[in-house]
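A.B. asks: Attaching a predicted model along with its sequence, questions to come.
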Amino acid sequence: MTSTIKIQRTEHPKQRPLDKDLGFGTVFTDHMFIANYDEGQGWHSPRVVPYGPLELDPATAVFHYAQGIFDGLKAFRGVDDKVRLFRPDRHVQRMNESAARLCIPPLDPELALDSIASLVATDRDWVPRTIGTSLYIRPTIIATEPFLGVRAAKSYIYFVIMSPVGAYYPKGMAPVDIRVEEQFVRAAIGGLGGVKTGANYAASLMASELAKHEGFTQVLWLDGVHRKYIDEVGTMNIMVKIGDEIVTPPLGGTILPGVTRDSALTLMRRWGLRASERQLSIDEVIDAHRAGELAEVWGTGTAAVISPVGELTYKGHRMPINGGGIGPVTQRLYDSIVAIQYGKAPGPDGWTLAV
């Protein structure tokens with residue numbers, strides 16, 4: 001299909017919020033991107049239009065069989081006033097990998113990048129200016145064919161919406177307390193654990209809510225078969241520093257291929273650190289803590305970039321990490337990635353795209 005994108009600007013622009021008043025995901029920009037897919041025609045009619053509701057039949061397939069995917073990335077206004085996307089090509093690649101798993105027609109990567117860049121350019125003034133703030137971008141594909149039956153749909157909508165978001169750490173980065181989940185399972189090999197689809201997040205809600213009622217910020221998921229190998233922390237990838245080795249679980253169907261995860265691994269290896277992708281059991285973590293070798297634990301993800309873990313709790317046993325403070329590798333990763341995102345430091349080739 002052609003990547004020529006028609007742009008229809010709103011006649012009723014909204015009032016933009018002040019940077020200091022920004023939260024996360026509650027305010028949306030003036031415009032959205034939409035493209036349609038129909039069997040036999042492919043993806044067609046790419047356009048930027050005023051932000052507004054979608055009209056969907058009650059029998060729309062995504063409502064009943066959850067055939068839908070999404071991704072999440074950010075645009076940053078740099079210290080030089082340039083607006084940059086952070087690794088958008090990797091997000092497009094991941095979105096198409098998710099689409100393949102849910103039998104959704106893939107997007108042409110060039111069109112997907114153009115859709116995001118065109119929408120950001122249209123609503124460029126919505127990108128906040130304060131360091132720590134950003135414009136969150138949510139590309140989504142949903143099955144729109146109205147029918148009741150278990151099969152892949154024949155029609156879809158791809159849309160992109162955007163929301164200016166505040167600093168994840170308005171008072172500075174702070175370590176969080178995590179409970180190791182013993183009852184619920186997040187994902188199993190062969191399932192949807194490595195796919196960015198709503199079903200994964202719905203399945204995580206119960207454990208997360210119970211943990212919050214107990215005073216924890218999130219849960220550390222264990223694998224769905226042996227219930228012993230660490231998987232993810234909340235909705236983030238996890239990294240653990242034991243001695244001089246940094247360990248993160250390998251990609252293998254249950255771990256989301258996080259773009260921030262990949263960025264952290266790339267930087268640490270460039271720094272000469274020993275960063276391994278291997279299975280890590282909770283028993284190994286406990287043994288390392290007892291031996292005084294559990295140096296740092298952190299999560300990686302688009303929203304927070306890096307989230308330090310100050311304490312783990314497993315079967316009632318509390319394990320403070322680094323005295324409950326932020327470790328040096330955790331801090332260095334956060335500072336380095338943020339500096340690249342805001343144009344304060346160069347990153348590896350292709351990591352940012354100016355809009």
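C.D. replies: It's in. Numbers count the residues shown, from 1 in each chain.

A.B. asks: any idea how far Val225 is from the residue nearest to Glu296 when sequence neighbours are not counted?
C.D. replies: Excluding its sequence neighbours, the residue lying closest to Glu296 (C-beta to C-beta, 6 or more residues apart in numbering) is Gly327, at 3.3 Å. Just so you know, the C-beta spots here come from the backbone N, C-alpha and C atoms, and that holds for glycine as well. Gly327 sits 31 Å away from Val225, taking C-beta to C-beta, to the nearest Å as the criterion.

A.B. asks: Could you list the low-pLDDT ranges of the protein?
C.D. replies: Residue ranges of the chain with pLDDT under 70: 1-3, 171.

A.B. asks: Is Ser115 in a helix, a strand, or coil?
C.D. replies: Put simply, Ser115 is helix when judged by DSSP: H, G, I helix; E, B strand; the rest coil.

A.B. asks: show me the contacts for it.
C.D. replies: Each residue near Ser115 by C-beta atoms under 8 Å, 6 or more residues apart in numbering is listed here: Ile5, Phe33, Ala35, Pro46, Pro139, Tyr158, Val160.

A.B. asks: Excluding sequence neighbours, find me the nearest residue to the residue sitting nearest the centre point of the chain.
C.D. replies: Nearest to the mean C-alpha position of the chain, by C-alpha atoms, centre = their mean, lies Thr302 at 4.5 Å. Excluding the flanking residues, the one nearest Thr302 by C-beta to C-beta, 6+ apart is Gly72, at 5.1 Å.

A.B. asks: now swap in Gly343 and tell me
C.D. replies: The shortest distance from Gly343 to any non-neighbouring residue, by C-beta to C-beta, 6+ apart, is to Gly78 (3.0 Å).

A.B. asks: got the contact list for the one you found?
C.D. replies: Arg84, Tyr342, Gly343, Lys344.

A.B. asks: how about the second one, phi and psi?
C.D. replies: This means Tyr342. Main-chain dihedrals, Tyr342, degrees, to the nearest 10: phi -100, psi 10.

A.B. asks: pretty sure it contacts Ile131?
C.D. replies: Yes. Contact criterion C-beta atoms under 8 Å: Tyr342 and Ile131 qualify, at 6.0 Å.

A.B. asks: residues shared between the contacts of the two?
C.D. replies: The contact sets of Tyr342 and Ile131 overlap at Val79 (C-beta under 8 Å, 6+ apart).

A.B. asks: the more surrounded of the two?
C.D. replies: Using other C-beta atoms under 10 Å as the criterion, Tyr342 and Ile131 rank with Tyr342 on top: 20 against 17.

A.B. asks: so who does the more buried one touch?
C.D. replies: Applying C-beta under 8 Å, 6+ apart, we find Tyr342 in contact with Phe76, Arg77, Gly78, Val79, Ile131.

A.B. asks: rerun that using 6 Å as the cut-off
C.D. replies: Applying C-beta atoms under 6 Å, 6 or more residues apart in numbering to Tyr342 gives the contacts Phe76, Gly78, Val79, Ile131.

A.B. asks: Backbone torsions only: list them for Pro328.
C.D. replies: For Pro328, the backbone dihedrals (degrees, to the nearest 10) come out as phi -70, psi -40.

A.B. asks: Which residue is the nearest non-sequential neighbour of it?
C.D. replies: With sequence-adjacent residues excluded and distances taken as C-beta to C-beta, 6+ apart, Pro328 is closest to Glu296, at 7.8 Å.

A.B. asks: measure the one you found to Gly243 for me?
C.D. replies: For Glu296, the distance to Gly243 - C-beta to C-beta - is 11 Å.

A.B. asks: Compare the two (neighbour count), which wins?
C.D. replies: The neighbour comparison of Glu296 against Gly243 (other C-beta under 10 Å) goes to Glu296, with 22 against 12.
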